[in-house]
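Visitor: Build me a structure from this.
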Amino acid sequence: MVFAKLYPSSTSLGQPQWLAEGTKMSTELQDLQKGGSLCDTDPYEELLNALKKRNLQLFHELLNRNDLVEPDHWYGDPDFTTCMDLACKNEDCVPFIEALLKHNANPNLVNHKRAPIHVAAEAGNTPAFLALLASNKLDVNKVNDLGDTAFHTAAKKLKAQRGNHDRFIETLLSKSDINVNIASRKNYTGLHWAAKRGCRDTVENLLKLREHDVDSYRTADGKTARETLEEKFPGLEIPQYQPKETTVYDSKTRLFGYLYKRNSDKFITDLQKALESNRDEVILWHDGSYTFLQYACDKAKRYVRSPENYLEIIMLVVVGIIIFKDEERDTIRQHISAIAILLSWAELVLLIGRHPLLSTNIEMLKRVSWNFLKFLAWYSILIVAFALSFYTLFRGCQSSDCGDDDENFFLNPGMSVLKTVVMLTGEFDASSIPFLSFPITSQLMFVLFVFLIAIVLFNLLNGLAVSDTQAIKDDAEIVGYVSRVQLIYYFETILLGNPLACVSPLTRYCCCLPFLKCLSLKAGLFRSIFLKVCLFPYILPGKKIYVLPNQDCRVVTDQPGLRKKHKNYFYESNHRHRGTGEYNTICFLDQEISKEACNILANRGKKSEVDQLKLIIENLTQKLDTYEQRFDSIDKALRDLLQIKHLRSS
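Guide: Alright, predicted model coming up:
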């Protein structure tokens, strides 16, 4: 860019080129005096080297001299750190931390799974923590990707002898806004870790400084903090934790948490208690998107479109008719009973098919049935044509022609179609067909039906079923995952859809009804208001997620916090932590899925063994052709030499 300015491709009219270049160079020299020369090294590398060499003066100059220097710059290989993280590791770097904070460095930025306060806690660097406290933005309850706060991190490093980490924890607990009852992803609190380290003096001091919830969280071994303390330190006096009075905000957060986790029992119990205390206010509670009533009644359009719901409605109707109809001799009740039995068992099959282990079999049934119906939809015309032809030929057949014990199924068009469909499966019963009425025509028609329908069409259907079944078996695992996702999607769309989605399309055709437009307008206004305080519609604004395979397959989203700076990515938190309300990225992709994806990408450019053998054979063939041409040229040359020798000798 500098050379583009020093040597522009064109100059303004009426101005000599040397004068234009001189003006540009004088301007550029002024810029170089501020930012360095053309041969200067990377300012970020100079900043990092100044920190490593503890050159505070140069560090200040670099931050003040170049406005393009980002104090939160991430350094890749081999450092893998930021200046703030590196400074928090050492007690003699407090002035550097103050300088970075002065230039608007983010004290809560999570890099490489931790924030600066976690780095200071891991090192037991109390002076660095005090320097970070100078920033009003510092969150002492900040959690890393494992759900650990600085209290967790320092407690993990405790030793039997009192040291820096003990002093760090005491300083940390002296802050009024510290929350010592935050549990990590594995349900560990800071007191848990202090007890596991066997630091009795530290544990006693912690119990005196703060009230600890020792009964709510159980770790993977099934023990609470109280049980761990009693096991490690027999006779230790553990004060009883007195939980604070539950506020309206806590009740609302807990209820919506039960709703998100589909915990219906606890949700109904707590909702009833909340409604008894303050019914009018609870009805209006919302999470930024919907109220409880909207969550329950949302996405009616999805419900109406589902064929399974119609099956359930019909089943309820026929069962109601069976229950409330008193005439036992009525034949209608028998018809309805047969329909009810069939529908109930069909519903049971569909419900069982939602289980991942049985989803493949039900998917086979659904796909083969649907493909059969689509396939037969085109050939039904031919089947009906044969049925009407048989009806035309055999409708006037008398009982003497059909036999004494046989019944003529071709007396009306409906029975003719039924008989023809039965004949499609191979049940011809040719002895009961009265060929004597029209001997030649009826026999030719029957032979043509056997060939086209019974042989060709029936075998086509069998082949279609086999191919569909084999395709589903080959993708059995994928089919199971797809069915599971479809089930989850069904539940989510019922709860999280647009309540007016089924009304909005009518406004295109019913322009004369202002009521429909008013409804759509109100829904749009409410949604725009809800989106301003909504918690999760912005989680995937670009409908993308990013998986970082070199960072334990961490999953992050394309939030505005996901920014690209100097070819390095900075990720901000997206998921809410249960103890603090803090958002942090704690989602991880399964390692097996990541490996399979990597294998697919690795094998995408590879060729099969057959293709490789073909390629080798082609190369060998080309080489043989080349050798053959060389041998021919050598043979020709030898013949020429022999001929010349023969001429000379003669």
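
Visitor: Show the contacting residues for residue 358.
Guide: Residue 358 is in contact with residue 352, counting by Cβ atoms under 8 Å, 6 or more residues apart in numbering. Glycine gets a C-beta too; all of them are placed from N, C-alpha and C.

Visitor: For it, give me the pLDDT.
Guide: Note for residue 358: predicted pLDDT of 77.

Visitor: ok, it to residue 598 distance?
Guide: According to Cβ to Cβ, to the nearest Å, residue 358 and residue 598 sit 31 Å apart.

Visitor: again with residue 130
Guide: 45 Å.

Visitor: who's more crowded, these two?
Guide: Neighbours were tallied for residue 130 and for residue 598 using other Cβ atoms under 10 Å; the higher tally belongs to residue 130 (14 against 11).

Visitor: who touches the strand or helix carrying the more buried one?
Guide: For residue 130, the host element (DSSP states H and E) is helix 126-132. Identification of contacts with helix 126-132 by Cβ under 8 Å, 6+ apart yields 87-91, 93-94, 97-98, 101, 107, 116-117, 119-121, 138, 150, 164, 167-168, 171-172.

Visitor: Show me what secondary structure element comes after it.
Guide: Counting by DSSP H and E, what follows helix 126-132 is helix 150-156.

Visitor: Quick check: mean pLDDT of that next one?
Guide: Taken as a whole, helix 150-156 has a mean pLDDT of 89.

Visitor: just stretch 343-351 next, same as before
Guide: Rounded mean pLDDT across stretch 343-351 is 86.

Visitor: picking up where we left off before, would you mind listing which of the contacts of helix 126-132 are buried?
Guide: Buried members of the contacts of helix 126-132, counted by 16 or more other Cβ atoms under 10 Å: 87-88, 90, 93-94, 97, 101, 107, 116-117, 119-121, 138, 150, 168, 172.

Visitor: Which positions within stretch 217-226 qualify as buried?
Guide: In terms of neighbour count (16+ other Cβ under 10 Å), stretch 217-226 has its buried residues at 217, 219, 223, 224, 225, 226.

Visitor: From those residues, which land in strands?
Guide: Using DSSP state E, no member of those falls in strands.

Visitor: now, among these, which is nearest to residue 188?
Guide: Distance to residue 188 across these (Cβ to Cβ) is lowest for residue 219, with 5.9 Å.

Visitor: That closest one: what's it in contact with?
Guide: Neighbouring residues of residue 219 by Cβ under 8 Å, 6+ apart: 186, 187, 188, 192, 228.

Visitor: measure it to residue 45 for me?
Guide: 44 Å.

Visitor: likewise residue 188?
Guide: From residue 188 to residue 45 the distance is 39 Å (Cβ to Cβ).

Visitor: quick one: pLDDT of residue 7?
Guide: In the prediction, the pLDDT value recorded for residue 7 is 38.

Visitor: that's a helix at residue 101, yeah?
Guide: Yes - residue state for residue 101 (DSSP: H, G, I helix; E, B strand; the rest coil) corresponds to a helix.

Visitor: Can you verify residue 240 is assigned to a helix?
Guide: No - in this structure, residue 240 is coil, not part of a helix, as judged by three-state DSSP.

Visitor: What's the local residue count around it?
Guide: Neighbours around residue 240, by other Cβ under 10 Å: 8.

Visitor: what sits against it?
Guide: Residue 240 touches nothing, counting by Cβ under 8 Å, 6+ apart.

Visitor: same thing but 10 Å
Guide: Residue 240 makes contacts with 211, 214, 215, 226, as judged by Cβ atoms under 10 Å, 6 or more residues apart in numbering.

Visitor: ok, the first one touching residue 189?
Guide: If I follow you right, that is residue 211. No - assessed by Cβ atoms under 10 Å, residue 211 is found out of contact with residue 189, at 12.0 Å.

Visitor: Could you tell me which residues touch both of these two?
Guide: 180, 181.

Visitor: Which residue of those two possesses the greater neighbour count?
Guide: Between residue 211 and residue 189, counted using other Cβ under 10 Å, the more crowded position is residue 189 (26 against 14).

Visitor: Would you agree residue 53 is in contact with residue 47?
Guide: No - with contact defined as Cβ under 10 Å, residue 53 does not count as touching residue 47 (11.2 Å).

Visitor: what residues are shared contacts of those two?
Guide: Common contact partners of residue 53 and residue 47 (Cβ under 10 Å, 6+ apart): residue 59.

Visitor: and the two? which has more neighbours close in?
Guide: Neighbour count, other Cβ under 10 Å: between residue 53 and residue 47, residue 47 has more, with 24 against 10.

Visitor: and that one, what is it in contact with?
Guide: Contact partners of residue 47, counting by Cβ under 10 Å, 6+ apart, are 58-59, 61-63, 66, 69-71, 73, 75, 83, 96, 100.

Visitor: Just the buried subset of those residues, please.
Guide: Those of those that meet the buried threshold are 58-59, 62-63, 66, 69-71, 73, 75, 83, 96, 100, by 16+ other Cβ under 10 Å.

Visitor: closest to residue 549 among these?
Guide: Minimum distance to residue 549 across the buried ones among the contacts of residue 47 is 20.7 Å, recorded for residue 75 (Cβ to Cβ).
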